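Engineer: Kindly return the folded structure for what I paste below:
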Amino acid sequence: MHDSNISGWWVLLVLVPPGTFVLLLLLLLLLLLLAIRRPRTEGARFDT
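Structural biologist: Here you go, the predicted structure:
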């Protein structure tokens, strides 16, 4: 098989229990939401 990457992903999906996978996904979504909702203080960064 040349698609060793894809088979690796399938092995990961099989080895990792669905519960932990969902938990990781929720964590990622939460971090994404926090990053989006956080006010952008790019200008304040240079005012040290």
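
Engineer: contacts and neighbour counts: CA atoms only from here.
Structural biologist: Will do.

Engineer: Quick check: Val22 vs Val16, distance?
Structural biologist: Between Val22 and Val16 the distance is 10 Å, computed by Cα to Cα, to the nearest Å.

Engineer: Please report the number of neighbouring residues for Gly19.
Structural biologist: Neighbourhood size, Gly19 [other Cα atoms under 10 Å]: 9.

Engineer: mind checking the longest helix of the protein?
Structural biologist: Using DSSP state H, we find that the single longest helix of the chain is helix 18-37.

Engineer: quick one: average pLDDT of that one?
Structural biologist: Rounded to a whole number, the mean pLDDT of helix 18-37 is 89.

Engineer: Please save the CA atoms from that helix in PDB.
Structural biologist: This file holds the C-alpha atoms of helix 18-37, laid out as PDB (Å, rounded to 0.1, in the frame of the first residue of the first chain):
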ATOM      1  CA  PRO A  18     -14.500   7.200  20.400                       C
ATOM      2  CA  GLY A  19     -15.000   8.900  23.700                       C
ATOM      3  CA  THR A  20     -11.500  10.400  23.900                       C
ATOM      4  CA  PHE A  21     -11.700  11.300  20.200                       C
ATOM      5  CA  VAL A  22     -14.900  13.300  20.900                       C
ATOM      6  CA  LEU A  23     -13.400  14.900  24.000                       C
ATOM      7  CA  LEU A  24     -10.400  16.100  22.000                       C
ATOM      8  CA  LEU A  25     -12.600  17.400  19.300                       C
ATOM      9  CA  LEU A  26     -14.700  19.400  21.800                       C
ATOM     10  CA  LEU A  27     -11.500  20.700  23.400                       C
ATOM     11  CA  LEU A  28     -10.300  22.000  20.000                       C
ATOM     12  CA  LEU A  29     -13.600  23.600  19.300                       C
ATOM     13  CA  LEU A  30     -13.600  25.300  22.700                       C
ATOM     14  CA  LEU A  31     -10.100  26.700  22.100                       C
ATOM     15  CA  LEU A  32     -11.100  27.900  18.700                       C
ATOM     16  CA  LEU A  33     -14.100  29.700  20.100                       C
ATOM     17  CA  LEU A  34     -12.000  31.300  22.800                       C
ATOM     18  CA  ALA A  35      -9.500  32.500  20.200                       C
ATOM     19  CA  ILE A  36     -12.200  34.000  18.100                       C
ATOM     20  CA  ARG A  37     -14.100  35.700  20.900                       C
END
